[in-house]
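> just the structure for this:
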Amino acid sequence: MKYFFLIFIITIIPGCSNNYNWAWYVINPTLDEGFNNIKFLLSGLQITLIISICSIFFSLIIGFFISLLAFNKTKHLNYLNKIYVEVFRSIPILVLLLWVYYGLPVIFSISLSPILAGIISLSLSDSAFEAEIFRAGIQSIKLGQRDASKSLGLNRYQEMRFIVLPQAFRIILPAIGNQFIYVLKMSSLVSIIGLADLTRKANELVVTIYRPLEIYTFLVIEYLLLIIFISYLVRLMEKKLKY
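Predicted coordinates:
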């Protein structure tokens, strides 16, 4: 990953030199035009972060409670867990996004903003994966520890809060980090319903000045830097939780 930029420059830029005049001025921050273009492209960062952070937050909450249904002794609740996971894990995010944005207002006679539709869609889709991550993490805790908690007089809630979840969270943190990256990448789809995220801003600028290679290259770098930063934070949290 750390050699990506070097590889990019060596392979892509020279490869374009014979047949394509690379317009550095488009994304050159030292020039007025380039600075304004970069400022315009980065203006979509706020929407991308809001969508991603809100979606991962709600998907973690929904996924956690859905995962608890898998441990319930009631068969109907077990089936509900399986149905929820299979349904939302199987529907492509783009299809779910379009259905939520155009379908829910018709079904419930409500007004749904694009940003709310994006958060709902990504939350539902990712929560199915989060539910499986939580389930696997909880199941990884040895039964002996649960038996010990019962011998100490802890009820089911106390056992989950003080014994199971702290250990399970350490185990599933890398998987949650991967899902955050996944949600961040999938958030680019909200540009289809008109949200001015990073991808939408790039598309608008391409239509304006028609320099797609330069602009989409900058878009790639934007997402790459965001993902590298998130990966770094996850690794930092992992190290802190080890001690």
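
> which strand or helix spans the residue nearest the centre of the chain?
By Cα atoms, centre = their mean, the chain has its centre lying nearest to Val183, at 1.6 Å. When secondary structure is defined by DSSP states H and E, Val183 falls within helix 165-186.

> buried residues in that helix?
165, 168, 172-173, 175-177, 179-184, 186 (16 or more other Cβ atoms under 10 Å). No exception for glycine: its C-beta is placed from N, CA and C like everyone else's.

> surely Glu132 touches Ser67?
Yes - using Cβ atoms under 8 Å, Glu132 makes contact with Ser67 at a distance of 7.4 Å.

> between the two, which one's more packed in?
Under the criterion of other Cβ atoms under 10 Å, the comparison of Glu132 against Ser67 puts Ser67 first, with 23 against 18.

> who's in contact with the more buried one?
Residues counted as contacts of Ser67 (Cβ atoms under 8 Å, 6 or more residues apart in numbering) are Asn81, Glu130, Ala131, Glu132, Ile133, Phe134, Arg135, Ile138.

> swap in 10 Å and give it another go.
81, 85, 127, 130-139, 168 (Cβ atoms under 10 Å, 6 or more residues apart in numbering).

> just send the residues you listed back as CSV, with distance to Leu45, secondary structure and pLDDT too.
CSV is the format used below for those (distance: Cβ to Cβ, whole Å; DSSP: H, G, I helix; E, B strand; the rest coil; pLDDT from 0 to 100):
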residue, distance to Leu45, secondary structure, pLDDT
Asn81, 36, helix, 94
Val85, 32, helix, 96
Ser127, 25, helix, 97
Glu130, 24, helix, 97
Ala131, 29, helix, 96
Glu132, 30, helix, 96
Ile133, 27, helix, 96
Phe134, 30, helix, 95
Arg135, 34, helix, 94
Ala136, 33, helix, 93
Gly137, 32, helix, 92
Ile138, 35, helix, 90
Gln139, 38, helix, 90
Ala168, 33, helix, 88
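
> identify all contacting residues around stretch 155-165.
So stretch 155-165 is contacted by 64, 68, 71, 134, 137-141, 145-150, 152, 154, 166, 168, 172 (Cβ under 10 Å, 6+ apart).

> circling back: buried residues, the helix or strand following the helix holding Val183. List them.
Next in sequence after helix 165-186, counting helices and strands by DSSP H and E, comes helix 198-209. Across helix 198-209, burial judged by 16+ other Cβ under 10 Å covers Leu198, Thr199, Arg200, Lys201, Ala202, Asn203, Leu205, Val206.

> what about stretch 189-197, how long is it end to end?
9 Å (Cα to Cα, to the nearest Å).

> list of residues touching it?
Stretch 189-197 has contacts (Cβ under 10 Å, 6+ apart) with 43-52, 55, 92-94, 96-98, 100-102, 112-115, 117-119, 121-122, 187-188, 198-204.
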